[in-house]
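S.K.: fold the following and give me the result.
(one chain, ligands or ions: 1)
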Amino acid sequence: MAYSHSSHPTTGSIRVPEPVSSAAGPNAVQNPLPRATAAETAQILAEVELPTVAKGPIIRRPRVVAAVERFGLEARAVKWMQAVAEKYGKGPLMLKVPGRNMALVLDPEHVHRILEESPEPFAPAETLKRHALKHFEPKVALVSHGSERRRRRQVNEEALDHGHPIHRMAEQFMPAVRQEAAALLREVDAAGGRLDYSAYFAAWFRMVNRVVLGDSYRDDDELLELMETQRARGNWAFLRPVDTEARQQIPDRIQQAIDRAEPGSIAAFMGQQDYQAEDAPEQQVPQWLFAFDPAGMASYRGLALLASHPDRLQSARLQITEQAAETAPTLPLLRATVLESLRLWATTPMLLRETTREVEFEHGVMPRGTSVLIFTPFFHRDERNLDFAHRFVPEVGDHERTREEWPLVPFSAGPGICPGRHLVLLLTSTFMAELLAERQIEVTSHQLVPGELPALLNNFSLEFALS
Ligand code: HEM
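M.R.: The predicted model follows:
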């Protein structure tokens, strides 16, 4: 596989300012970054930002996802970004949005830099994100700053065992994984071998509820529904008022689970910690329940990748058999499949940061308070620089160097990297293994052509036949 690291040529009528000399003390006024015109900004927002927002950044709207897939809007968004990068070179490109500083990241090195330099001067607590998440988790680490962020990030890292591919409680999670996958297979058999997303999603969340909250929460649809209602409000960010009464029910129910501390759950681990009030542990858990939704999508799409690549499926099966006796198997190929699923069909396509002060780039200064937009599909699916852009290449998922050199960042990177990523890969890979171990699988809803994978794969309409 090949990936080049060329910076894009600068063409068009825009003059790229000379590099900044720090001795002169330039600022964003004297030495601005290149700026898109109002018409270009409108077009960029319509082509790139709108499909992401319309699909539902916090909870997906299935009908919009179907339309975006049908009209190929994701591929168009990447093409647009390529055209913008051809014209503006390294950027970052300031957009002309009334009342708000926004910048689009165009250069792979800038992606690394911005993610590494979080939370200062590139804070994860970006304004739009804060407005979206305040509907169900106003004190989550992701929208906290300063010492609060540090403490809350630590709560997440400890509970999710962030540094370890195999969570310290993995063995305790496995019965839930095996039993819920087996229950799903029984449902599939009863449906004549048909597997659809709603059945998968329900089984996945029965497992998630058990792992996070405890076995007695297996069928707790109420918390899930509460979350879904508030997430739907979150899709509208500041355009909808916060329903404070409904919102408060979420941490209250989570606190109950922490107090109950059912053995084998992450809630039990949390129940043993000595938290301070500002740690707000009960406000970190909603982020997990929210984020296990895209994890379900990614694994479900991963099944489609394997079903349409029989040689990979065979290797994955071999690995499943080899590790069958292990209490918490590592299943590298299945993990890499999930990473590839996320590279190809990012579930967090827009990484957002906000500058806490002016920041110098090679071609100008970014003002304080700028929302910085990293549109990951532009990097993940860039066929100009990645010869595997539209193929399923699980070796890439496993390939640290590739990720370090070229931004493959489905879980973000740097100090703000997703602390749940290893747990996600553990639970997705083991759940998938249970489904694949003894079944043949075929995609019945879509035609996936190995060399030309689509820009979006609608998980809601994706169906399989299992035999
Ligand atoms: C496929 C599934 C997932 C993906 C693709 C994903 C991706 C991400 C990304 C890109 C971020 C950074 C967001 C930003 O900077 O704006 C993030 C943050 C975070 N994720 Fe995940 N995530 C997933 C699942 C999970 C799960 C299941 C958990 C918990 C069990 C989790 C916990 C978190 C937390 C706590 C943060 C905030 C970290 C911070 O504030 O520094 N994620 N995730």
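
S.K.: ok, residue 395 - how many residues close by?
M.R.: The local packing count at residue 395 equals 12, with neighbours defined by other C-beta atoms under 10 Å. Placement of C-beta: from N, CA and C, glycine included.

S.K.: now it: how far from residue 337?
M.R.: 11 Å (C-beta to C-beta, to the nearest Å).

S.K.: ok, residue 430 next?
M.R.: From residue 430 over to residue 337 the distance is 13 Å, taken as C-beta to C-beta.

S.K.: got phi/psi on the residue in the stretch 301-450 of the chain positioned nearest to the ligand?
M.R.: In the stretch 301-450 of the chain, the residue found nearest to the ligand is residue 420; the distance is 2.4 Å by C-beta to the nearest ligand atom. Note on residue 420: its backbone torsions stand at phi -100, psi 0 [degrees, to the nearest 10].

S.K.: and it, what pLDDT?
M.R.: At residue 420 the predicted local confidence, pLDDT, stands at 97.

S.K.: got the contact list for the closest residue to it other than its chain neighbours?
M.R.: Spatially, and ignoring its direct neighbours in sequence, residue 420 is nearest to residue 160 (5.0 Å; C-beta to C-beta, 6 or more residues apart in numbering). For residue 160, the set of contacting residues under the criterion of C-beta atoms under 8 Å, 6 or more residues apart in numbering consists of 167, 266, 288, 419, 420, 422, 423.

S.K.: picking that back up, higher neighbour count, residue 430 and residue 337?
M.R.: When neighbours are counted by other C-beta under 10 Å, residue 337 comes out ahead of the other of residue 430 and residue 337, with 30 against 25.

S.K.: the more buried one - nearest residue in space that isn't next to it in sequence?
M.R.: Among residues not flanking residue 337 along the chain, residue 302 sits closest, at 4.4 Å (C-beta to C-beta, 6+ apart).

S.K.: tally of neighbours for that neighbour?
M.R.: Summarising burial for residue 302: neighbours were counted as other C-beta under 10 Å, giving 27.

S.K.: check whether the strand or helix carrying it comes near the ligand.
M.R.: Under DSSP states H and E, the secondary-structure element containing residue 302 is helix 285-307. Yes: applying C-beta under 6 Å from any ligand atom, one finds helix 285-307 in contact with the ligand at 287, 288, 291, 292, 294, 295, 298.

S.K.: ditto for stretch 117-130
M.R.: Yes: remark: stretch 117-130 sits within contact range of the ligand at residue 124, by C-beta under 6 Å from any ligand atom.

S.K.: could we number from 21 for the rest of this?
M.R.: Yes, from this point I'll number from 21; that puts the last item at stretch 137-150.

S.K.: gap between the two ends of that stretch?
M.R.: Its start and end residues considered, stretch 137-150 measures 19 Å (C-alpha to C-alpha, to the nearest Å).

S.K.: could you list which of the contacts of residue 180 belong to strands?
M.R.: If you go by DSSP state E, those have nothing in strands.

S.K.: filter these down to the buried ones.
M.R.: Neighbour counting with 16 or more other C-beta atoms under 10 Å marks 187, 286, 308, 439, 440, 442, 443 as buried within those.

S.K.: in a markdown table, list these along with distance to residue 483.
M.R.: Formatted as a markdown table, the buried ones among the contacts of residue 180 follow (distance: C-beta to C-beta, whole Å):
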| residue | distance to residue 483 |
| --- | --- |
| 187 | 31 |
| 286 | 32 |
| 308 | 28 |
| 439 | 33 |
| 440 | 28 |
| 442 | 30 |
| 443 | 28 |
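
S.K.: with respect to residue 125, which of those residues is nearest?
M.R.: residue 439 (22.7 Å; C-beta to C-beta).

S.K.: name the element the closest residue to that closest one other than its chain neighbours belongs to?
M.R.: For residue 439, the nearest residue in space outside its immediate sequence neighbours is residue 182; the separation is 3.9 Å by C-beta to C-beta, 6+ apart. Here residue 182 sits in a region with no helix or strand, counting by DSSP H and E.

S.K.: please apply the same query to the one 10 residues further on.
M.R.: In the assignment (DSSP H and E), residue 192 maps to helix 190-210.

S.K.: got the CA coordinates for the helix holding residue 322 in PDB?
M.R.: Taking C-alpha atoms only, helix 305-327 is exported to PDB below (Å, rounded to 0.1, in the frame of the first residue of the first chain):
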ATOM      1  CA  VAL A 305     -21.600   7.500  31.600                       C
ATOM      2  CA  PRO A 306     -24.200   9.100  29.200                       C
ATOM      3  CA  GLN A 307     -21.400   9.700  26.700                       C
ATOM      4  CA  TRP A 308     -20.600   5.900  26.800                       C
ATOM      5  CA  LEU A 309     -24.200   4.900  26.200                       C
ATOM      6  CA  PHE A 310     -24.400   7.500  23.400                       C
ATOM      7  CA  ALA A 311     -21.100   6.300  21.900                       C
ATOM      8  CA  PHE A 312     -22.000   2.600  22.000                       C
ATOM      9  CA  ASP A 313     -24.500   3.400  19.300                       C
ATOM     10  CA  PRO A 314     -21.900   4.100  16.700                       C
ATOM     11  CA  ALA A 315     -19.900   1.200  18.000                       C
ATOM     12  CA  GLY A 316     -22.900  -1.000  17.100                       C
ATOM     13  CA  MET A 317     -23.000   0.600  13.600                       C
ATOM     14  CA  ALA A 318     -19.300   0.100  13.000                       C
ATOM     15  CA  SER A 319     -19.400  -3.600  14.000                       C
ATOM     16  CA  TYR A 320     -22.500  -4.200  11.900                       C
ATOM     17  CA  ARG A 321     -20.800  -2.600   8.900                       C
ATOM     18  CA  GLY A 322     -17.700  -4.700   9.700                       C
ATOM     19  CA  LEU A 323     -19.800  -7.800   9.200                       C
ATOM     20  CA  ALA A 324     -20.600  -6.500   5.800                       C
ATOM     21  CA  LEU A 325     -17.000  -6.000   5.000                       C
ATOM     22  CA  LEU A 326     -16.100  -9.600   6.000                       C
ATOM     23  CA  ALA A 327     -19.200 -11.000   4.200                       C
END
